[in-house]
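>>> curious how this folds, go ahead:
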Amino acid sequence: MNKIKRLTITISYLKQKQVYYRLYYALRKKFRRVLGHSYAFSPSSKTFSLTLRPSIQTYNAFNGDSFTFLNKKHYFPGKINWNYSENGKLWTYNLNYFDYLEQNNISKDKALKLMYDFIDAGDIVKDGLEPFPISLRGINWIKYITTNNLNDEKVNTSLYAQYNILMDNLEYHLLGNHLLENGFSLLFGAYYFQENRFYTKAHKILIEELDEQILSDGAHFELSPMYHQIMLFRVLDCINLVQNNSWKEKELLPLLQKKAEVMLSWLETMTFKNGDIPLFNDSTNGIAPQTKSLLMYADRLGIEYIKRPLGESGYRKFLYGKYECVVDVGNIGPDYIPGHAHADIFSFELYIDEKPFIVDTGLSTYETNERRTLERSTCSHNTVEIASKNQSNVWGGFRVAERAYVNSLEESNNQIKARHDGYKKSLSAVHERMFMFENDSITIIDNILSDKIHKAVARLHFHPSVDEDMIHRHLDLNALKYSIKEYLYAPEFNKHIKAKMIEISLDKKLETRIIL
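This next block holds a predicted model:
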């Protein structure tokens, strides 16, 4: 597709607010550069003591003079380079988030030294003063300050200045989880400084965005189980804040509790019995708090919930005998922010005896490169690829031009059938897939509905623990045209493990039977 056409199609799905703020922020940046604008780093501030219950400890990332994020370690002998970029922007972001303040072995003196080091870097800091890392850092600093009875003027002054920068750069140009993170953080800043400006904005963002972003079945609308865990963690932290502090008469508490209840239900349903989450869309391990930790945190906060069926998110889960199967029969996510979406409609994950068997290939990078493109592509998922094309036109790391939609869905207790139109415009073809679940087998029937014959491939990606003998034992491959190949399974950022995959050729129809 022509690059200009692809970009035009991509932009056409954006909300007017996104387009407006992209232009506004770009023009403002140019004017401010000419005028020599800079933010004040020493505004006056008054802080108020808060009460918080214990939250969730994070993964150990800081060790003396080194930091490890995304499976990459770097040493900083002496002062920290907060702009260090050799490991990619996401690594730099993690350095600036200060999540590591919540790990279990960091002393108060060391934590304060890290904060001072960041503050002393001043406006030399680049990525760390963008609104997203400010949002996460603000929450982490306030949580640490509160739980460790820290009252430091230098830290408070810097924190207040950072919140003023955030207020001036809210991520309306992105929306989605970014704007929601802005709102969560402003709520913490509002309580800590008892600043009505922060509270008014946080109140507006949270009411509007939680209503928009949490679907009726409890899923976060970007349809990534990992981001769902992160967003649920933020909601629980905000409940912790509002529940245990009387400012503003706890007016946001009912909303936060209501959203937490449905989010907990969705997450518990989606999580496999062994605690794993399906790695659908941009999901990986070692980033978000695990489901068990989130459920325990919710219990400490006294949150009770009723299990609800999966629905609007497009995910379905089937449990029969010794297996669990999670199927994706929904659209790729919100049209105006599909940055974390993959071209993976009708893909699925299958666990047998609480062990992974058929898996999503995972996520290893956010860098805009060939690996990122591959991991988002249809060929990297357990679905059908027609004529070597993607169902949805994923490109540029976080962009989608033309996208597939599920336009037919029929389901019963043990059967589900759906169609998507991702190939209709380019190939005059529609992919229909049916799953039939029984105690000892799963049957998958694929139909290519088209007047033409197209070369198509159905792929199944197996966990690295699965060898060829297991594949032949669990799949009825008689009369099928197939080949077994290797692929790189990515269970975490920057981590690849060789594993097996099977490619099955089809023209019009394919029946695949998995024997349990």
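>>> quick check: chain neighbours aside, which residue is closest to Arg6?
Among residues not flanking Arg6 along the chain, Ala401 sits closest, at 4.5 Å (CB to CB, 6 or more residues apart in numbering). Where you see a C-beta, it was placed from the backbone N, CA and C, and this is true even at glycine.
>>> the one you found reaches Lys3, doesn't it?
No. Contact criterion CB atoms under 8 Å: Ala401 and Lys3 do not qualify, at 10.1 Å.
>>> between these two, which one's more packed in?
Legend: neighbour count by other CB atoms under 10 Å for Ala401 and Lys3, higher for Ala401 (21 against 9).
>>> tell me how the protein divides into domains.
1-34, 35-300, 315-515 (automatic domain parsing).
>>> what residues sit buried inside stretch 299-309?
Leu301, Ile303, Tyr305, Arg308 (16 or more other CB atoms under 10 Å).
>>> if we can go back for a sec, state the distance from the residue nearest to Arg6 to Pro278.
26 Å (CB to CB, to the nearest Å).
>>> can you give me the helices for the stretch 351-500 of the chain?
For the stretch 351-500 of the chain, the helices defined by DSSP state H, counting those that start in this stretch occupy 370-376, 424-427, 468-474.
>>> try the stretch 101-250 of the chain
Going by DSSP H, counting those that start in this stretch, the stretch 101-250 of the chain shows helices at 108-121, 131-147, 153-167, 176-193, 196-213, 225-243.
>>> and the fifth one, what other elements does it pack with?
Contacts of helix 196-213 with other secondary structure elements, assessed using 3 or more CB pairs under 8 Å, 6 or more residues apart in numbering; DSSP states H and E, are made with helix 153-167, helix 176-193, helix 225-243, helix 253-270.
>>> which strands or helices does the third one pack on?
The contact analysis (3+ CB pairs under 8 Å, 6+ apart) places helix 225-243 against helix 131-147, helix 176-193, helix 196-213, helix 253-270, helix 291-300.
>>> quick one: the shortest one to chain centroid distance?
With CA atoms, centre = their mean, to the nearest Å as the basis, the distance from the averaged C-alpha position of helix 291-300 to the chain average is 19 Å.
>>> which one, of the helices and strands packed on helix 225-243, ends up nearest to Gly330?
Closest to Gly330 of those is helix 253-270 (CB to CB; 12.6 Å).
>>> which positions in the closest one come out as buried?
Result for helix 253-270 [16+ other CB under 10 Å]: buried residues 255-257, 259-270.
>>> what's that helix in contact with?
206-207, 210, 214, 216-220, 225, 228-229, 231-232, 235-236, 238-239, 242-243, 277-278, 291, 294-295, 298, 303-310, 313, 315, 317, 326 (CB atoms under 8 Å, 6 or more residues apart in numbering).
>>> 6 Å - rerun?
Counting by CB atoms under 6 Å, 6 or more residues apart in numbering, helix 253-270 makes contact with 210, 214, 217-219, 225, 232, 235, 238-239, 242, 291, 298, 303, 305, 307-308, 310, 317, all of which sit outside it.
>>> same question for that helix, mean pLDDT?
Mean pLDDT, helix 253-270: 98.
>>> extract the CA atoms of it and return them as PDB.
Coordinates of each C-alpha in helix 253-270 appear next as PDB, following Å, rounded to 0.1, in the frame of the first residue of the first chain:
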ATOM      1  CA  LEU A 253     -14.700   5.700  45.900                       C
ATOM      2  CA  PRO A 254     -18.000   4.200  44.500                       C
ATOM      3  CA  LEU A 255     -16.800   4.600  40.900                       C
ATOM      4  CA  LEU A 256     -13.400   3.100  41.600                       C
ATOM      5  CA  GLN A 257     -14.800   0.200  43.500                       C
ATOM      6  CA  LYS A 258     -17.400  -0.500  40.800                       C
ATOM      7  CA  LYS A 259     -14.700  -0.600  38.100                       C
ATOM      8  CA  ALA A 260     -12.300  -2.700  40.300                       C
ATOM      9  CA  GLU A 261     -15.100  -5.300  40.800                       C
ATOM     10  CA  VAL A 262     -15.700  -6.000  37.100                       C
ATOM     11  CA  MET A 263     -12.000  -5.800  36.300                       C
ATOM     12  CA  LEU A 264     -11.200  -8.400  38.900                       C
ATOM     13  CA  SER A 265     -13.900 -10.700  37.500                       C
ATOM     14  CA  TRP A 266     -12.500 -10.400  34.000                       C
ATOM     15  CA  LEU A 267      -8.900 -11.000  35.000                       C
ATOM     16  CA  GLU A 268      -9.700 -14.000  37.200                       C
ATOM     17  CA  THR A 269     -11.700 -15.600  34.400                       C
ATOM     18  CA  MET A 270      -8.900 -14.900  31.800                       C
END
